[in-house]
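Undergrad: Predicted model follows, preceded by the sequence.
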Amino acid sequence: MEEGTKKDEMGQKFIYSDTGVKVFVDFKDNLMVDPTDPIITGQARTRRYNRGMVKGLSCLGSENSKDAMTWNVFKTLEKTPPEKWFSEIFPQIILDKDEQFIDPTPRFWDKYFPPLLRPLPDGEMHPDLTIETSNKLIFIETTYKTDISKNTKHDPNRDQIIRNIDVGTWAAKKWAKEFYFVLVTLKTNTYSIEKLNHYKSNPSNIIQEIGSYRRDIKDYVAVCENIHVIFWDQLLTSLQNIQSANKTELNFTNLIDYLKDKIV
């Protein structure tokens with residue numbers, strides 16, 4: 001084996017980063033579902049380490065990869081009809097009585113563009129997960145061991161949450177849909193939680209950031225009401241509830257064990 005490479009009890013090769021984080025040599029060893037899917041292999045190629053002992057390896061191989069965690073959880077859920085899990089996982093988002101999913105497949109890292117009238121440059125955005133119903137557009141951003149980004153590539157004053165809100169409400173308006181933003185995070189990520197509550201608690205805080213060019217938004221209170229945070233341990237509890245209520249229909253045992261290992 002190469003210098004620094006070790007093997008775990010399953011024979012999977014890994015290297016410890018300079019900060020002591022375990023990184024699998026083959027990122028697919030960090031995935032529990034559909035490891036050869038073109039979407040996840042494309043994501044693996046896009047994000048690689050550029051320094052240290054793990055230089056050249058995919059960031060998806062890290063035991064702290066939030067992209068791997070997002071894929072493992074929601075790609076597993078994708079294989080079950082949404083009516084079996086959606087309302088339990090996202091209780092804050094109430095589906096209309098006759099509302100049907102146009103496409104029940106969660107879309108990972110889809111491409112979206114900023115509002116046309118934004119005065120400062122901004123590149124394309126890729127929410128971790130998008131779920132679309134007949135009248136709702138839901139952006140889901142996840143974090144694990146780190147907080148949300150405090151700035152973007154083009155704007156040091158534009159944090160990741162307001163960027164999701166700005167881009168998401170713009171996309172939803174074009175398609176005549178109601179926009180929701182959900183942050184899935186750990187309770188220890190206090191900056192992320194405080195920043196989300198900053199926007200959710202007062203419409204003027206959103207207006208201050210995007211109001212100068214978003215004249216199309218007529219009801220900022222409604223925008224605030226559709227901003228939510230879900231903690232990973234809450235999601236774990238929801239899965240356990242689903243499993244308990246559907247003992248003969250669903251089997252989320254492996255996913256539940258995976259999340260327990262990650263957050264308990």
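TA: The structure has been received and is ready for your questions.
Undergrad: and the one helix or strand residue 206 maps to, which residues are buried?
TA: Assigned by DSSP states H and E, residue 206 belongs to helix 203-210. Buried residues in helix 203-210, counted by 16 or more other C-beta atoms under 10 Å: 203, 205, 206, 209, 210. Where C-beta positions appear, they are placed from N, C-alpha and C, glycine not excepted.
Undergrad: Name the nearest of these relative to residue 118.
TA: Distance to residue 118, by C-beta to C-beta, is smallest for residue 210 among those, at 8.1 Å.
Undergrad: next helix or strand past the least confident helix or strand in the chain by mean pLDDT?
TA: Here the helix or strand of the chain ranked lowest by mean pLDDT, DSSP states H and E is strand 103-108, holding a mean of 75. For strand 103-108, the following helix or strand on the C-terminal side (DSSP H and E) is strand 129-132.
Undergrad: Would you agree residue 251 is in contact with residue 242?
TA: No. Using C-beta atoms under 8 Å, residue 251 is not in contact with residue 242, being 10.5 Å away.
Undergrad: quick one on the thing from earlier: counting by contacts, list what the helix holding residue 206 packs against.
TA: helix 160-174, helix 190-201, helix 220-225 (3 or more C-beta pairs under 8 Å, 6 or more residues apart in numbering; DSSP states H and E).
Undergrad: can you put these in JSON lines and add distance to residue 44 and mean neighbour count?
TA: Below are the helices and strands packed on helix 203-210 laid out as JSON lines (distance: least, C-beta to C-beta, whole Å; neighbours: other C-beta atoms under 10 Å):
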{"stretch": "helix 160-174", "distance to residue 44": "21", "mean neighbour count": "22"}
{"stretch": "helix 190-201", "distance to residue 44": "24", "mean neighbour count": "17"}
{"stretch": "helix 220-225", "distance to residue 44": "34", "mean neighbour count": "16"}
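Undergrad: what's the closest of those to residue 20?
TA: Per C-beta to C-beta, nearest to residue 20 of the helices and strands packed on helix 203-210: helix 190-201, 22.5 Å.
Undergrad: which helices and strands sit right next to the closest one?
TA: Helix 190-201 packs on helix 160-174, strand 178-185, helix 203-210, helix 220-225, strand 227-231, going by 3+ C-beta pairs under 8 Å, 6+ apart.
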